[in-house]
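Visitor: show me how the following folds:
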Amino acid sequence: MEPGLWAEVHGATTHFPIALIFAAALADTAAVVWWARPAAGRLRAAGAYAIFAAALGSVPAVVSGLVLTRGEMLGAGALRWHHLFAWPAFTLLIAVAVWRALRGAALTRGGCAGCLVALYALAALIAATGRWGGELLHAFP
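Guide: Sure thing, here's the model as predicted:
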């Protein structure tokens, strides 16, 4: 993998979805904790919109990563580890966004808590993806 424009594009496009995933987890955590309060509905909506925006924003990150690696889906070394976490994270993010869109206003407290568990798992996958992505940056001073 060579540094250059695509490395810059990939780095720039990854941070927006990451921030939105953590924002969604925060909003959904608050919604579950304060379920009976009027603000819980707005917190659930904020969480849902953050998930949708993260899913949409992850597409340029994935595309730029594929361009950067010349379509290499797994790779070797740090790239392999990066992809071993990135692909499940991307899949889980899309799945959560689709599920959230299908549930809409019918989301129960248990459903919101289940989504929250998925978001926490997603945050862990994203952290591992970033850790190995950082190793790739060090490979090209």
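Visitor: which parts of stretch 98-115 are buried?
Guide: 100, 107, 112, 115 (16 or more other C-beta atoms under 10 Å). All C-beta spots, glycine's among them, are computed from the backbone N, C-alpha and C.
Visitor: my error: substitute stretch 61-73 in the last question.
Guide: Applying 16+ other C-beta under 10 Å to stretch 61-73 flags 61-62, 64-65, 68-69 as buried.
Visitor: nearest to residue 19, of those?
Guide: residue 61 (12.1 Å; C-beta to C-beta).
Visitor: which strands or helices does the helix or strand that contains the closest one pack on?
Guide: Assigned by DSSP states H and E, residue 61 belongs to helix 39-68. For helix 39-68, the packing partners by 3 or more C-beta pairs under 8 Å, 6 or more residues apart in numbering; DSSP states H and E come out as helix 5-33, helix 77-103, helix 109-138.
Visitor: lowest average confidence across the ones you listed, which one?
Guide: When the helices and strands packed on helix 39-68 are compared by mean pLDDT, helix 109-138 comes last with a mean of 86.
Visitor: so which bits of it are buried?
Guide: 112, 115-116, 118-119, 122-123, 125-126, 128-130, 132-133, 136.
Visitor: what count of nearby residues applies to residue 22?
Guide: The tally of other residues near residue 22 (other C-beta atoms under 10 Å) stands at 16.
Visitor: again with residue 34
Guide: The number of residues near residue 34, taken as other C-beta under 10 Å, comes to 12.
Visitor: is it in contact with residue 44, as I believe?
Guide: No. Using C-beta atoms under 8 Å, residue 34 is not in contact with residue 44, being 10.5 Å away.
Visitor: overlap in contacts, the two.
Guide: Residues touching both residue 34 and residue 44 (C-beta atoms under 8 Å, 6 or more residues apart in numbering): there are none.
Visitor: wouldn't residue 97 be in contact with residue 58 here?
Guide: No. Here residue 97 lies out of contact with residue 58, judged by C-beta under 8 Å, at a distance of 9.2 Å.
Visitor: okay, the two: which has more neighbours?
Guide: Between residue 97 and residue 58, residue 58 has the larger neighbour count (other C-beta under 10 Å), namely 24 against 20.
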